[in-house]
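>>> The following block contains a protein sequence and its predicted model.
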Amino acid sequence: MTMSRSRHALGAAVLAAIGALPMAGQAVADDSMICAQAAYAMGLRYQQQSAEVAALQRQGFALATYRLEEQLEAHGADADLAIITDLDETVLDNSALLARDMAECHDYTTWDTWKHWEREGEPRLIPGAADFLDYADAQGVAIYYVSDRYQENEADTIATLEALGLPQVSEESVKLLGPAKAERRADVVADHTLVMQLGDSLHDFDGAFADADLAEQRRLVEEQGARFGQDWIVFPNATYGDWSEAELDAWAAPLEVE
């Protein structure tokens, strides 16, 4: 949709303010022009623009390749192996949508712009994703894309994955929102030996994380610690998650500047 002049001006003001850059004719951006969603800017910059996140993403897929090589060697050529990967912020970079919404002072965590993005958006591939998935495909490993994208947009998601050149994309391999992720994972396990899962959120790996509060999630991470970096490969996502409204622990000493 075409942005109105006032909305466009508001978006420009937000971007100028959160970027610490004065707008034309202003020495300093007025605080009243900074909307609440500007709080997302640091995480979005890190996720979309930092070389560190790109390095972590490549590192994650390099580790996944190494672990998959181990599994192939351990199970032999005739094993019916499978991997499960999440899509958003694991294989697909959706930060352009989030940045647009923030610039419009719209809270993207309500997810009311997501369906439009699924239909018409053009996400980028996460660095390293294509090479890893192509390697798995070449080794005869079944690939399942288990995502909480909307089932009503299944055809659009499949078209997006095909346009990005990803392997083994079909109605059977792309399992979208409907049954809980745990049930969709169970469908894969029923027909294959599941050797790896990839995701950016802990409930991508085990249903126990889905309804747990942050304290319980941290306990479960400690309990399942041996799996991370082995058959559970986690990717960074600084833009949204269960942690986003958590209280921060601050140093109690009075502020002193020198």
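Ah, there it is.
>>> how about the residue positioned nearest the centre of the chain, phi and psi?
By C-alpha atoms, centre = their mean, the chain has its centre lying nearest to residue 89, at 2.0 Å. Dihedral pair for residue 89: phi 70, psi 10, per degrees, to the nearest 10.
>>> Run a quick check on residue 38 versus residue 102, I expect a contact.
Yes: in terms of C-beta atoms under 8 Å, residue 38 counts as a neighbour of residue 102; the distance is 7.1 Å. To be clear about C-beta, it is placed using only N, CA and C from the backbone, and glycine gets the same treatment.
>>> And the two? Which one has more around it.
residue 102 (23 against 17; other C-beta atoms under 10 Å).
>>> Tell me if that one really is in a helix.
Yes: per DSSP: H, G, I helix; E, B strand; the rest coil, residue 102 lies within a helix segment.
>>> how much space between the residue nearest to the centre of the chain and residue 203?
Going from residue 89 to residue 203 by C-beta to C-beta, to the nearest Å gives 13 Å.
>>> top strand in the protein by residue count?
Under DSSP state E, the strand in the chain containing the largest number of residues is strand 193-199.
>>> Give me the contacts around whichever helix or strand comes after that one.
Using DSSP states H and E, the helix or strand that follows strand 193-199 in sequence is helix 214-223. By C-beta atoms under 8 Å, 6 or more residues apart in numbering, the residues outside helix 214-223 that reach it are 202, 206, 208, 209, 212, 228, 242, 243, 246.
>>> For these, give me JSON lines that also has pLDDT.
Listed next are the contacts of helix 214-223 as JSON lines, based on pLDDT from 0 to 100:
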{"residue": "202", "pLDDT": "98"}
{"residue": "206", "pLDDT": "97"}
{"residue": "208", "pLDDT": "96"}
{"residue": "209", "pLDDT": "97"}
{"residue": "212", "pLDDT": "96"}
{"residue": "228", "pLDDT": "98"}
{"residue": "242", "pLDDT": "93"}
{"residue": "243", "pLDDT": "94"}
{"residue": "246", "pLDDT": "95"}
